[in-house]
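Chemist: Predicted coordinates and the sequence they were generated for:
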Amino acid sequence: MALTAIAEPCQESRRIDYATAVFYSATAPHQRELFEFAVDVGEQLADFPFREKGQSPHFERVFSNDLGVRIEITPVGATNSRNPGLTALTLPGAAFYCSTSSSQVTQLWRICHQSGFRWFSRLDLQNTELNPAWDADRIYAAVEARELWCKGYGRYRPWREVDAAGECADGLTLYWGSSRSQKQGRSYDKAKQSGWKTPAIRD
């Protein structure tokens, strides 16, 4: 099955939406074990085969599957490359909405307890509400009127993506905080972004 055939269902959800875990290996055998571990995590969430995809700006070898799970490595001892000994495992939203909650928790527990785990360089949480009383435009109007604020953030930025005809197909997105900070929030029209017929907002 190709990734284009996988569509997120129209439903309310509260879950992890994206995660990138970084691991370090001091030896080649340990890095091979980590690679096998990363493949197993991806296959446990949804059984799609991995294929090598070349390089990325930060890693010598990149592998991915049709679900969008991505494994990036730079071999131990690659002194002329960036991030020698590092392995990165990226799990996109599709990996989470195509799996059960118990499977998600199990795989994240395994990642955090795997030998060589260092940190999550990205970890997104989301809340999706159907038929919301407040859509992104109403939130924006209330923020502008100083009636509403997202606690914990010092700034915000509205954004509308427009096409060549000047139309905004995806609706308004509000960004909370700076993209360079350790946390950033986003509120947007999930129905317009995903083509759902039922109104929905995602934070």
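Modeler: Looks like it arrived, so ask away. Numbers count the residues shown, from 1 in each chain.

Chemist: contacts and neighbour counts: CA atoms only from here.
Modeler: OK.

Chemist: how about the strands in the chain?
Modeler: Using DSSP state E, the strands found in the chain span residues 13-24, 51-54, 61-64, 70-73, 86-91, 117-130, 156-160, 172-176, 185-189, 200-202.

Chemist: for the protein, what helix or strand is lowest in average pLDDT?
Modeler: helix 93-97 (a mean of 87; mean pLDDT, DSSP states H and E).

Chemist: give me the low-pLDDT residue ranges for the chain?
Modeler: 1-6 (pLDDT under 70).

Chemist: And the residue located most distally from the centre of the chain, how far from residue 167?
Modeler: Within the chain, the residue lying farthest from the chain centre (CA atoms, centre = their mean) is residue 145, at 32.0 Å. Counting by CA to CA, to the nearest Å, the gap from residue 145 to residue 167 is 26 Å.

Chemist: pull the CA atoms of the helix ranked longest in the chain into CSV?
Modeler: Counting residues, the longest helix found in the chain (DSSP state H) is helix 28-45. Included here for helix 28-45 are C-alpha records, laid out as CSV according to Å, rounded to 0.1, in the frame of the first residue of the first chain:
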residue,chain,number,x,y,z
ALA,A,28,29.4,-0.7,15.0
PRO,A,29,27.7,-3.8,16.4
HIS,A,30,25.6,-1.7,18.8
GLN,A,31,24.6,0.6,15.9
ARG,A,32,23.5,-2.5,13.9
GLU,A,33,21.4,-3.5,16.9
LEU,A,34,19.8,-0.1,17.0
PHE,A,35,19.0,-0.2,13.3
GLU,A,36,17.3,-3.6,13.8
PHE,A,37,15.4,-2.2,16.8
ALA,A,38,14.2,0.9,14.8
VAL,A,39,13.0,-1.3,12.0
ASP,A,40,11.1,-3.5,14.5
VAL,A,41,9.5,-0.4,16.1
GLY,A,42,8.3,0.8,12.7
GLU,A,43,7.0,-2.7,11.8
GLN,A,44,5.2,-3.1,15.1
LEU,A,45,3.2,0.1,14.5
